[in-house]
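Asker: I'd like to go over a predicted model; first the sequence, then the structure.
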Amino acid sequence: MDQDVVLTARGITMTFPGVKALSNVDFTLRKGEIHALMGENGAGKSTLIKCLTGINDYEAGEMHIAGIEGPVKNHSTRDAQNVGISTVYQEVNLCPNLSVAENLFIGREPMTKFGTIDRKSYNKRSQKIMDDLGISVDVTQNLENYSLAIQQMVAIARAVDMDCKVLILDEPTSSLDEEEVEKLFKVMRMLKEKGVGIIFVTHFLEQVYAVCDKITVLRNGNFVGEFTVEELPRVKLVAAMMGKDLDDLAEIKGESVDYSKSEMEISAKGLAHVGTVKPFDLDIHKGEVIGVGGLLGSGRSELARSIYGADRANTGTLKVKDKEVKISQPIDAMNLGMGMLPDDRKAEGIIGDLTVRENIILALQAKNGMFKRLPKAKQDEIADRYIDLLSIKTASKETLIKQLSGGNQQKCILARWLATNPDFLILDEPTRGIDVGTKTEIQKLILKLAGEGKTVMFISSEIAEMVRTCNRMVIMRDGEKVNELDGDLTEERVMKAIAGGEE
């Protein structure tokens, strides 16, 4: 084993019922290297990580770790930690009700000679760990008092203090704003200097080129190749991930259409939810795609939730198709022809222990009422139709949804709402954490729905896809609607509006 290599995996093969998730996959990580693991949803990235970290018991292949004789096979995450592999996931697996220091040392607390936890010692050590990483926090404060970005830094700091040789960052930036991402990159570069090998999983191409040294591409469970960042420009990376040249995304959107003379779908006047979104006026016309833009925490999701009744509006009026309505809860909105795909698919979207079929028909069943159960044949027909329409990769419609990749889970939630045939569909971050090809499919589907007369509200952190997809945009800042943009939408114009609340 090359002395610079910290981890090698050779011929890793993993099969789930009906699906070959990995087929003879190779991966090599060197000391002090930031290595992107790239591929579309279902390519095998998560499966490979689970094989490396002891969650999956792969059936063929072997793994070697620097400093350990012979092949290593982890059977648990503890085994992985014992050989120097630590993972930080998109959803931070720490205890928000404990202090930063308690989280750093949970399960390995320093003890006094009297057999009690030496809090003074671990508070002091914790502060030094965070200071050394350039992270400004008070380690005696509860973790929940800090942003998601800081919580991820704490998870990374814990991994580093446990002497990890390999740090796996699985979609760590999907919920962070630009400033927070840069802080994370600063920490990653610092760890790189210390010789830690970092496996970085992300769907943001620009981040790969900002921070990574190498790229390994997987496709359909197969190893496509390992490349240096310099030898794989973005277009070639996308082609490698998809196995074909990507359509020019800029050409997705058709000609600009003026919807102001179309019939009114939604009209909000002075609508607000105390503590989250200030009173706003908003008219949305039939057949348009209206975007809601702004930084994280600007009130984008809260505006949508107040219309849909997920957060009950405290003031103002709402009209649907020119008729004033009261929406107290989401079922009221559903009965008025609305659907909402939430931004947090794990907490508010999928039900992991139900099948793909059951997840897809859930909203339609709720709309029909618990006493009007959809016949099984009808459920099968709906599930089959949307699995085919959205190209959902699943062994069967009876597969548990938690066994699907993140992007395919997202497609199932989208299918759930399409099955209700909504007139007004709110899509909150529908492309977060999914691959370039699936993003393109979803953007094209949004425009197809609008072409069929559906009205879509589209919320996204990616300005480029909003510009490609939306006819008009609402800009939010600090819980307040500060602008509306129509006409020729450009990234520069939108960014200026977000930055200053004006064009």
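Answerer: Here it is on my side, so go on.
Asker: can you map out the strands along the stretch 201-350 of the chain?
Answerer: For the stretch 201-350 of the chain, applying DSSP state E, counting those that start in this stretch gives strands covering 214-219, 222-228, 264-273, 277-285, 289-293, 315-320, 323-325, 338-341.
Asker: tell me which strands and helices the third one is in contact with?
Answerer: Looking back up the chat, that one is strand 264-273. Applying 3 or more Cβ pairs under 8 Å, 6 or more residues apart in numbering; DSSP states H and E, one finds that strand 264-273 contacts strand 277-285, helix 300-308, strand 315-320. Heads up, the C-betas are built off the backbone N, CA and C, glycines and all.
Asker: export the strands of the stretch 201-350 of the chain to CSV and tack on distance to His64 and mean pLDDT?
Answerer: Shown next, in CSV, are the strands of the stretch 201-350 of the chain (distance: least, Cβ to Cβ, whole Å; pLDDT from 0 to 100):
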stretch, distance to His64, mean pLDDT
strand 214-219, 16, 94
strand 222-228, 16, 95
strand 264-273, 54, 94
strand 277-285, 53, 94
strand 289-293, 47, 93
strand 315-320, 61, 94
strand 323-325, 63, 94
strand 338-341, 43, 92
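Asker: so which of the helices and strands packed on strand 264-273 is the most surrounded?
Answerer: helix 300-308 (a mean of 25; mean count of other Cβ atoms under 10 Å).
Asker: could you give the angle of that helix to strand 315-320?
Answerer: If you take axes from the mean of the first three to the mean of the last three Cα atoms, to 10 degrees, helix 300-308 sits at 70 degrees to strand 315-320.
Asker: what's in contact with helix 300-308?
Answerer: 266, 268, 271-273, 276-277, 280, 282, 292-294, 311-313, 318, 327, 330, 333, 338, 340, 343, 426, 428, 457, 459, 474, 476, 479, 481 (Cβ atoms under 8 Å, 6 or more residues apart in numbering).
Asker: mind giving me the PyMOL command for buried ones among those residues?
Answerer: Of the contacts of helix 300-308, the buried ones can be selected in PyMOL as follows, counting by 16 or more other Cβ atoms under 10 Å:
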select buried, resi 266+268+271+272+273+277+280+282+292+293+294+311+313+318+327+330+333+338+340+343+426+428+457+459+474+476+479+481
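Asker: related to what we said a few turns ago, now the strands of the stretch 201-350 of the chain in a markdown table, with distance to Val238?
Answerer: Converted to a markdown table, those look like this (distance: least, Cβ to Cβ, whole Å):
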| stretch | distance to Val238 |
| --- | --- |
| strand 214-219 | 10 |
| strand 222-228 | 12 |
| strand 264-273 | 35 |
| strand 277-285 | 33 |
| strand 289-293 | 24 |
| strand 315-320 | 40 |
| strand 323-325 | 44 |
| strand 338-341 | 25 |
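Asker: minimum distance to Ile498: which of these has it?
Answerer: Ile498 lies closest, by Cβ to Cβ, to one member of the strands of the stretch 201-350 of the chain: strand 289-293, at 5.9 Å.
Asker: tell me how far that closest one lies from the chain's centre.
Answerer: Put simply, strand 289-293 sits 19 Å off its chain's centre (Cα atoms, centre = their mean, to the nearest Å).
Asker: what angle do it and strand 277-285 make?
Answerer: Taking the same axes, to 10 degrees, one finds strand 289-293 and strand 277-285 inclined to each other by 160 degrees.
Asker: gap between stretch 22-31 and the chain center?
Answerer: 24 Å.
Asker: rounded mean pLDDT for that stretch, please.
Answerer: In this model, stretch 22-31 carries a mean pLDDT of 95.
Asker: show me which residues of it are buried.
Answerer: Leu22, Ser23, Val25, Phe27, Thr28, Leu29, Arg30, Lys31.
Asker: got CSV for these, with distance to Glu288 too?
Answerer: Formatted as CSV, the buried residues of stretch 22-31 follow (distance: Cβ to Cβ, whole Å):
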residue, distance to Glu288
Leu22, 43
Ser23, 45
Val25, 45
Phe27, 45
Thr28, 49
Leu29, 47
Arg30, 50
Lys31, 53
